[in-house]
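**Student:** sequence and predicted structure are below.
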Amino acid sequence: MNSDHRPGRHRAPGAYSPLGELKSIARASAQPAIRGAAVVAAAGGLVATLSAPASAETTAEGAAVAAAPVRAPKAPALVGPDATPSPAPAASTALSSIGYVASAPKKAAKPKPIVIKDVVVEKARKEAAEKARREAAAKKAAAAAKARKEAAAKKAAAERAAAERAAAQKARKDAAAKKAAAEKARKAAQRASRTSSRTSTTKSTYKPKTTLNTTTAKKTTARATTGKRSSHNWATPGQCTWGALNKWYQSEGYYPGGWTGNAMAWAWGAANAGYTVSSTPRTRSIVVMQPGVHGSSSVGHVAWVTRVSGNKVTIIEMNALAGPYNYNTRTVTHQSGMKYIYAP
């Protein structure tokens, strides 16, 4: 009896092998679409195998077929926001035995969120940002202008201060130059005055006493000699002695020295210091008056002689008619009790 080996489900249940048929279909399939159809057909054969008796015969190739394990029914899939994706089912033992591996399901790409913009709010935000930018720019410009103004003011103040310092320095220099010129002129005038006084004395009609030289029988007059000097006015300020020494210094350029004491003792002291003392009045001399002469006090009086005319003597004095520290001028008559200290 001839046997028909064509694949299909027309065979008797006892001689049908779903695994064998699945293998033959898989070998014949070369494209993924045909292999998917084979998987679906095999699934139907597996169901038929589960319903076949346990004493199924071997396949035509003579290989024993193991019974497929029974799986528990799947739990219903959850639907809703709390649903979690269920793990992919493991490949069945029957599919694994023929070399089929199920591919893992591709993850669905997450949809991009849709942002709905409020046009009014967006416009307000832009306007606020632009306003803030303009305000910041205005503040920056104002700060820069203020800084420039302050810098210019500081520079101008520094320039004014420098100009004032320069002007003050120039004024000090000019004042010093003027003072030096005035001092120079004063000294020159004093030198000229001293020279003029020394070369020509004031003419006087007073006839001085003469001494007769018994040997030559000629008349001689006393000549002025130079005595000791002082570096300062050693008399009491404000008194007649201080005023007389000050006038001597203004005329001669130095202070006479070498004696001290009240005014009535000056003639004796000056003679001991080396100066010429005479009873003949003469300009450029200090007149010494004894107490009571022309109103002199009990300690005497001294003054500076400025002019002599006959027996009239013009003097400038301190602490007399004008009081202490003040000068006055008067003309007195030469008389006994008056001596003259000559300037050389």
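**Tutor:** Good, I have the coordinates. Residues are numbered from 1 along each chain as shown.
**Student:** what are the ranges of the helices in the chain?
**Tutor:** All helices of the chain, identified by DSSP state H, fall at 18-28, 32-51, 93-97, 119-199, 240-252, 266-272.
**Student:** for the chain, what's the longest strand?
**Tutor:** strand 301-309 (DSSP state E).
**Student:** so what secondary structure elements neighbour that strand?
**Tutor:** The contact analysis (3 or more CB pairs under 8 Å, 6 or more residues apart in numbering; DSSP states H and E) places strand 301-309 against helix 240-252, strand 285-289, strand 312-318. All C-beta spots, glycine's among them, are computed from the backbone N, C-alpha and C.
**Student:** and the contacts of the second one?
**Tutor:** Right, the one you point to is strand 285-289. Contacts to strand 285-289, defined as CB atoms under 8 Å, 6 or more residues apart in numbering, come from residues 244, 248, 263-264, 266-267, 270, 281, 296, 300-305, 313, 315, 337-343.
**Student:** pretty sure His232 contacts Tyr255?
**Tutor:** Yes. With contact defined as CB atoms under 8 Å, His232 reaches Tyr255; the gap is 6.4 Å.
**Student:** between these two, who's got more neighbours?
**Tutor:** Taking neighbours as other CB atoms under 10 Å, His232 and Tyr255 compare with Tyr255 leading, 17 against 9.
**Student:** measure the more buried one to Arg229 for me?
**Tutor:** 7 Å (CB to CB, to the nearest Å).
**Student:** just Lys149 next, same as before
**Tutor:** 69 Å.
**Student:** looking at those two, which one has more neighbours?
**Tutor:** Taking other CB under 10 Å, Lys149 and Arg229 do not tie; Arg229 has more neighbours (13 against 10).
**Student:** what ranges of the stretch 201-344 of the chain fall below the confidence cut-off?
**Tutor:** Low-confidence segments of the stretch 201-344 of the chain, defined by pLDDT under 70: 201-222.
**Student:** and the stretch 1-150 of the chain, by the same measure?
**Tutor:** Ranges of the stretch 1-150 of the chain meeting pLDDT under 70: 1-16, 26, 28-97, 99-102, 104.
**Student:** please list only the buried members of the contacts of strand 285-289.
**Tutor:** 244, 248, 263-264, 266-267, 270, 281, 296, 300-305, 313, 315, 337-343 (16 or more other CB atoms under 10 Å).
**Student:** burial of the nearest residue to Ser297 once chain neighbours are set aside, as a residue count?
**Tutor:** Computed as CB to CB, 6 or more residues apart in numbering, the closest residue to Ser297 that is not its neighbour in sequence is Pro291, at 6.5 Å. Residues within reach of Pro291, counting by other CB under 10 Å, total 15.
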